[in-house]
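>>> I need the structure of the sequence given here:
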Amino acid sequence: MDNHLKLEATKRVILGKKSRSLVREGLTPAHVFGSGVESVAIQCSSAELDKMVRAAGTTRPIKLTIKPERKARDCFIREVQAEAISRKLIHVDFYQVQPDKPIKSSIPIVFMGESVALKGKGRQLNIGVTRLKVECLPSDLPAQIDVDLKELAEEHAIHVRDLKLGEKVTIRTDINQLIAKIGAAKKYEFEEVKPKAKVEAGDAATAEGEAAPAEAEGKAGEKKPAEKKA
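Alright, predicted model coming up:
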């Protein structure tokens, strides 16, 4: 089954900062590069490229045709630059691969269903790794890895070693890594904070550990009585 998406582009002659002007024409500047591949500056329809970014992410292979070339290139989206607020595409990098050479990639793990054990009180789902490093031919690269939680029982766990991806895909993540587990929910204890006692204005100095002036030296303007001689 061919799980490639298809996209058309044309070679770009406007380079550097001037390439930002393409946006007004409904085009997005992009670049194609790869190991042993000559780098090519291209431009794509902004609308079509936006759909492709959403559909492919960085894990689905794309058949990229650069007109006037007839043969499509096997590519993956490597990097996407977009405006912070509007999220309009500014620039996209494509990485071209050789269809007969294995590649390494990080694939997202998608959790499916819900464990019956989660319906019990005081239980929660603990998640470990959320992406899996794999190596395979570009055409065999899965877009995502589905993990079914329906059969996950209480105190049981799913590890990387439990995944079955077939002989064509080699897992490069540590097989002992945890993916998901049903366990007891964490209990949080909150310490009660007692309100501080109110301090009267006249006792402020005393409350701070200092003697009041009247007690130390007598009231202001008041003389101490002379000591009587024996």
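>>> got the contact list for residue 92?
Residues counted as contacts of residue 92 (C-beta atoms under 8 Å, 6 or more residues apart in numbering) are 28, 30-31, 44, 49, 53, 77, 79-81. (Glycine included, C-beta is placed from N, CA and C.)
>>> Most neighbours of all these, which one?
Neighbour tally across the contacts of residue 92 (other C-beta atoms under 10 Å): the maximum, 27 neighbours, falls on residue 28.
>>> average model confidence for the helix or strand hosting that residue?
In the assignment (DSSP states H and E), residue 28 maps to strand 27-34. Across strand 27-34, pLDDT averages out at 94.
>>> Over to stretch 127-147?
Rounded mean pLDDT across stretch 127-147 is 92.
>>> what comes up buried for that stretch?
Going by neighbour count (16 or more other C-beta atoms under 10 Å), the buried part of stretch 127-147 is 132, 134, 136-138, 140-142, 145, 147.
>>> Ignoring the adjacent residues along the chain, who's closest to the residue nearest the centre of the chain?
With distances taken as C-alpha atoms, centre = their mean, the residue of the chain nearest its centroid is residue 130 (10.0 Å). Nearest non-adjacent residue to residue 130, counting by C-beta to C-beta, 6 or more residues apart in numbering: residue 109, 5.4 Å away.
>>> elements contacting the helix or strand where the one you found lies?
Residue 109 is part of strand 103-112, with elements assigned from DSSP H and E. Where contact means 3 or more C-beta pairs under 8 Å, 6 or more residues apart in numbering; DSSP states H and E, strand 103-112 is packed against strand 131-136, strand 145-148.
>>> Show me what secondary structure element comes after that strand.
strand 123-127.
>>> starting at the chain centroid, how far to that next one?
A distance of 20 Å separates the centroid of the chain from that of strand 123-127, by C-alpha atoms, centre = their mean, to the nearest Å.
>>> Would you mark the buried spots in that strand?
Buried-residue list, strand 123-127, by 16+ other C-beta under 10 Å: residue 125.
>>> now the angle from it to strand 103-112?
Put simply, strand 123-127 runs at 170 degrees to strand 103-112, going by axes from the mean of the first three to the mean of the last three C-alpha atoms, to 10 degrees.
>>> Parallel or antiparallel, which strands does strand 123-127 pair with?
The strands beside strand 123-127 in its sheet (DSSP bridges) come out as strand 178-184 (antiparallel).
>>> With only the CA atoms kept, save the strand it pairs with in CSV.
Below are the C-alpha coordinates for strand 178-184, written out as CSV (Å, rounded to 0.1, in the frame of the first residue of the first chain):
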residue,chain,number,x,y,z
LEU,A,178,7.5,2.1,30.0
ILE,A,179,4.7,3.2,27.7
ALA,A,180,1.6,3.0,30.0
LYS,A,181,0.5,1.6,33.3
ILE,A,182,-2.5,1.7,35.6
GLY,A,183,-1.6,2.5,39.1
ALA,A,184,-2.9,4.1,42.3
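>>> if we look at it, which residues are touching it?
Applying C-beta under 8 Å, 6+ apart, the contact partners of strand 178-184 are 109, 111, 115, 117-118, 122-129, 147, 149, 152-160, 162-163.
>>> buried sites along that strand?
179-182.
>>> Same list (those) but as JSON lines, adding distance to residue 172 and pLDDT.
Output for those, formatted as JSON lines (distance: C-beta to C-beta, whole Å; pLDDT from 0 to 100):
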{"residue": "179", "distance to residue 172": "15", "pLDDT": "94"}
{"residue": "180", "distance to residue 172": "20", "pLDDT": "91"}
{"residue": "181", "distance to residue 172": "22", "pLDDT": "88"}
{"residue": "182", "distance to residue 172": "27", "pLDDT": "83"}
